[in-house]
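S.K.: this one's structure only:
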DNA sequence: GTGAATCCCTACTGATTCAGTATGGTTTCT
DNA sequence: AGAAACCATACTGAATCAGTAGGGATTCAC
């Protein structure tokens, strides 16, 4: 259960795509500029996202990426696991469980597992569609606020 | 939100202490052997746990550690934060939040925060007393099973 | 059919963190 | 006095992270 910049960047990119669903392919360069993500780094993430079947790619000039499924059908959990690998407990895993005499009978392991389950639940319930909506609302209200100030 | 071996070892040690509440100080060496934790590494963890006010130390021969409060009043969250520092979101924190144009208006940040909150909730609800009870039950049922097999 | 834009892939690297070790000090019991 | 134990800091090898480098392969526009 280790969240790195891959997840952060990857989710930003996927939300970006979700906000432009149906607009045709969006290039990685465009997203990297809009989201302030290093271009070559983002490219790598898209390779992983494509291999996981979450985005489809169009090659060549005017090419780019689009969600492979409706935003409603893609969860944050899928995005994170595509980029970081299976979201499992980082403590008390495999070899350690064998080393500690208790083996299977370990109260600590239960807590770690409950924590992982909780995170999986949060990520599994959050769809890109919902995040795109939230993002849109946040930007709208920010615009309103900016206008009110007269900027 | 990064869980390392410190948390794993630290929690094992604290559960060990909770299982021996009232028995007087337990030496780090004893715990390190019982839980298969490198001795010097465990010593460092106890320094942190003591500075966080979770254990009290008795120096000198026959010395050792004991819970500074009833096991009922110590949570896994307190143990983890004593060892790893504040349990905060590892993505979209400080500087990054400033770098991404959205600033405060970021849907992704909400998800990360909800995940962190979920973990804090799990850890905050788990007391050492409860874990010690669970541990005892697990060991008891393991014993029964072993006897049944005739070992 | 050439050139530019774009995706695809692998390898590399500097910095940081992890897990553990080393060394030596201080306190207390016997 | 000596052993047992806690206290504190510094060091180190290995792994991981975040990002870069350098090139391919594919497609559109002209």
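M.R.: Yep, it's here. Values in this document were obtained by computation on a predicted structure and should not be read as measured data.
S.K.: please enumerate the helices of chain A.
M.R.: Under the criterion DSSP state H, chain A carries helices at the ranges A:5-19, A:28-35, A:39-51, A:76-84, A:94-99, A:107-125, A:128-149.
S.K.: taking helix A:76-84 as reference, get the angle to the longest one.
M.R.: What separates the directions of helix A:128-149 and helix A:76-84 is an angle of 100 degrees, with axes from the mean of the first three to the mean of the last three C-alpha atoms, to 10 degrees.
S.K.: and helix A:128-149, what's buried?
M.R.: A:128-132, A:134-135, A:138 (16 or more other C-beta atoms under 10 Å in any protein chain shown). Glycine gets a C-beta too; all of them are placed from N, C-alpha and C.
S.K.: what's the mean pLDDT across that helix?
M.R.: Throughout helix A:128-149, pLDDT has a mean value of 86.
S.K.: check the second one too.
M.R.: Here the mean pLDDT over helix A:28-35 is 96, rounded to a whole number.
S.K.: spell out whether that helix and DNA strand D are in contact.
M.R.: No: counting by C-beta under 7 Å from any atom of the strand, DNA strand D is not contacted by helix A:28-35; separation bottoms out at 9.5 Å.
S.K.: spell out whether that helix and DNA strand C are in contact.
M.R.: Yes: using C-beta under 7 Å from any atom of the strand, helix A:28-35 reaches DNA strand C at A:28-29.
S.K.: pull out the buried residues from that helix.
M.R.: For helix A:28-35, the buried set under the neighbour-count rule, 16+ other C-beta under 10 Å, comprises A:28, A:31-32, A:34-35.
S.K.: quick one: name the residues of chain A near DNA strand D.
M.R.: So chain A meets DNA strand D at A:2, A:4-6, A:9, A:38-41, A:44, A:59-63 (C-beta under 7 Å from any atom of the strand).
S.K.: now the buried members of those.
M.R.: With neighbours counted by 16+ other C-beta under 10 Å, the residues of chain A next to DNA strand D contain buried members at A:5-6, A:9.
S.K.: which one of these is nearest to DNA strand D?
M.R.: Nearest to DNA strand D among those: residue A:5, at 3.6 Å, using C-beta to the nearest atom of the strand.
S.K.: so the closest one makes contact with residue A:84?
M.R.: No: contact between residue A:5 and residue A:84 fails when scored by C-beta atoms under 8 Å: they sit 10.4 Å apart.
S.K.: helices and strands of chain A: which one has the lowest mean pLDDT?
M.R.: helix A:94-99 (a mean of 52; mean pLDDT, DSSP states H and E).
S.K.: circling back: within reach of DNA strand C, which of the residues of chain A next to DNA strand D are there?
M.R.: A:40, A:44, A:59-63.
S.K.: now, among those residues, which is nearest to residue A:118?
M.R.: residue A:44 (29.3 Å; C-beta to C-beta).
S.K.: for the closest one, report the pLDDT, please.
M.R.: 97.
S.K.: also the one 3 residues further on?
M.R.: Each residue has a pLDDT score; the one for residue A:47 is 97.
S.K.: please apply the same query to residue A:9.
M.R.: 97.
S.K.: which of the helices of chain A sits closest to residue B:113?
M.R.: Comparing those under C-beta to C-beta, the one sitting nearest is helix A:107-125, at 9.7 Å.
S.K.: before we move on, back to that, redo the buried residues of helix A:128-149 as JSON lines? Include distance to DNA strand C.
M.R.: What follows is these, written out as JSON lines (distance: C-beta to the nearest atom of the strand, whole Å):
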{"residue": "A:128", "distance to DNA strand C": "18"}
{"residue": "A:129", "distance to DNA strand C": "22"}
{"residue": "A:130", "distance to DNA strand C": "25"}
{"residue": "A:131", "distance to DNA strand C": "21"}
{"residue": "A:132", "distance to DNA strand C": "19"}
{"residue": "A:134", "distance to DNA strand C": "25"}
{"residue": "A:135", "distance to DNA strand C": "21"}
{"residue": "A:138", "distance to DNA strand C": "25"}
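S.K.: distance to residue A:120 added to those residues, as a markdown table?
M.R.: Output for the buried residues of helix A:128-149, formatted as a markdown table (distance: C-beta to C-beta, whole Å):
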| residue | distance to residue A:120 |
| --- | --- |
| A:128 | 17 |
| A:129 | 19 |
| A:130 | 17 |
| A:131 | 17 |
| A:132 | 22 |
| A:134 | 20 |
| A:135 | 23 |
| A:138 | 25 |
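S.K.: and the residues you listed near chain B, which?
M.R.: Among these, the ones lying near chain B by C-beta under 8 Å from any C-beta of the partner chain are A:131-132, A:134-135, A:138.
S.K.: span of stretch A:80-89 from start to end?
M.R.: 14 Å (C-alpha to C-alpha, to the nearest Å).
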